[in-house]
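> Here is the input, now give the coordinates:
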Amino acid sequence: MIGLNRNECSDSSETCTYFNSEIVSNYILRSSDSRSFKINPPINLDLFDPSDGRHLELSKLSKTAHELYIRRSQGEQVEAEEQATLESINDIVKKLLIAD
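Below is the predicted model of the structure:
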């Protein structure tokens, strides 16, 4: 997982959701040599658009995922919440990437 400082802006949070989504992380893993990964993977991401509800939702989901990670690291059982959050991220990212 790619992480962010909790004080990062919404567009950075949204960018994390792209790279942590199943479709993008699988692409990066499968299109790279296992000994090294591309510095600039050929993935076209939209610029953060605060007027697009999908972008805002990805930013919100990223922050939720980071909070769940912290809670899990403190011993809380949050697997179901994490799974639901990741599924939501995957759904939105797929729609954004296919729409482009």
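> mind checking how far the lowest-mean-pLDDT helix or strand in the chain is from the chain centre?
Lowest on mean pLDDT, DSSP states H and E among the helices and strands of the chain sits helix 10-20, with a mean of 77. The gap between where helix 10-20 is centred and where its chain is centred comes out at 5 Å by CA atoms, centre = their mean, to the nearest Å.
> Pull the contacting residues for Leu96.
By CB atoms under 8 Å, 6 or more residues apart in numbering, the contact set of Leu96 is 46, 54. For glycine as for every other residue, the C-beta is placed from the backbone atoms N, C-alpha and C.
> tell me the SS of it?
Recorded secondary structure, Leu96: helix (DSSP: H, G, I helix; E, B strand; the rest coil).
> so how far is Asn90 from it?
Separation of Leu96 from Asn90 (CB to CB, to the nearest Å): 11 Å.
> And Ser32, by the same measure?
20 Å.
> I'd like the distance between the residue nearest the centre of the chain and Leu86.
The centre of the chain sits closest to Thr17, judged by CA atoms, centre = their mean, with a distance of 1.3 Å. If you measure Thr17 against Leu86 using CB to CB, the figure is 10 Å.
> and Ser32 and Asn90? which has more neighbours close in?
Applying other CB atoms under 10 Å to Ser32 and Asn90 shows that Asn90 carries more neighbours, namely 17 against 12.
> That one is in what secondary structure piece?
helix 79-99 (DSSP states H and E).
> Now do the buried residues in that helix.
For helix 79-99, the neighbour count (16 or more other CB atoms under 10 Å) marks 81-82, 85-86, 88-90, 92-93, 96-97 as buried.
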